[in-house]
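# Give me a model of this one.
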Amino acid sequence: MEFSKTPAVIDPHLSELHRYFALETSLMPLYEAWSAADERFAAVAPQFQGIRMLQQDFVETLFSFICSSNNNIQRIQQMVEKLCSNYGAAICSLDGRTFYSFPSVDRLAGKEVDGELRKLGFGYRAGFLQKSAEYITKYAAFPHFPLVVCRYFGFEKSVINRTTIKYVAIILTE
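Down below sits the predicted model:
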């Protein structure tokens with residue numbers, strides 16, 4: 001399944017969806033590489049045409065990763081939804097359900113957030129989320145901020161930086 005390689009520049013929302021789903025990227029070479037590397041993927045790929053690597057916001061990805069520790073997909077989704085509904089801004093309502101933005105790191109960096117998240121069922125992850133947000137708000141302005149290194153150079157080249165954000169590094173090394 002292929003999509004147009006030309007985003008609709010006229011509509012910024014459509015352009016953002018185009019970027020988010022990486023529609024500029026041809027799927028065929030990816031499917032071939034993934035199938036060669038993973039026989040399970042090769043077996044199920046024909047049934048799931050259109051699988052893509054999302055260009056999700058890095059902070060959202062990081063915090064979702066923290067929520068994933070020792071959890072199943074349903075619980076991770078519930079935790080991310082709790083983060084959004086308790087700390088994000090309402091963005092729209094559809095069929096009686098309100099949808100929220102992912103919270104800003106500033107909103108999650110407050111000292112009270114650890115206790116609040118524990119009450120919401122985040123357990124030990126609450127401290128990791130709050131401390132990571134605090135760290136990001138404190139150091140994100142520095143030119144060599146480790147998250148930038150992780151995003152642009154990949155995990156292998158940023159192993160040294162795993163200890164920089166110790167709250168994430170603990171999860172990475174478990």
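
# what separates the one helix or strand Ile66 maps to from the chain centre, distance-wise?
Assigned by DSSP states H and E, Ile66 falls within helix 58-68. Distance, stretch centre to chain centre, for helix 58-68: 5 Å (C-alpha atoms, centre = their mean, to the nearest Å).

# cool, stretch 18-31 as well?
That offset, for stretch 18-31, works out to 18 Å (C-alpha atoms, centre = their mean).

# still on that earlier bit, which helices and strands does the helix holding Ile66 pack with?
helix 73-87, helix 125-139, helix 146-157, helix 166-173 (3 or more C-beta pairs under 8 Å, 6 or more residues apart in numbering; DSSP states H and E). To be clear about C-beta, it is placed using only N, CA and C from the backbone, and glycine gets the same treatment.

# again, only using 6 Å
helix 73-87, helix 125-139 (3 or more C-beta pairs under 6 Å, 6 or more residues apart in numbering; DSSP states H and E).

# Tell me what angle the last one forms with helix 58-68.
For helix 125-139 against helix 58-68, the angle between stretch directions is 160 degrees (axes from the mean of the first three to the mean of the last three C-alpha atoms, to 10 degrees).

# Then the first one?
With the same axes, to 10 degrees as the basis, helix 73-87 and helix 58-68 are set at 130 degrees to each other.

# List the contacts of helix 73-87.
In this structure, residues lying in contact with helix 73-87 by C-beta atoms under 6 Å, 6 or more residues apart in numbering are 64, 67-68, 100, 102-103, 107, 120.

# at 10 Å what do you get?
60, 63-69, 71-72, 88, 90-91, 98-104, 107-108, 110, 113, 116-117, 120-123, 125, 129, 133 (C-beta atoms under 10 Å, 6 or more residues apart in numbering).
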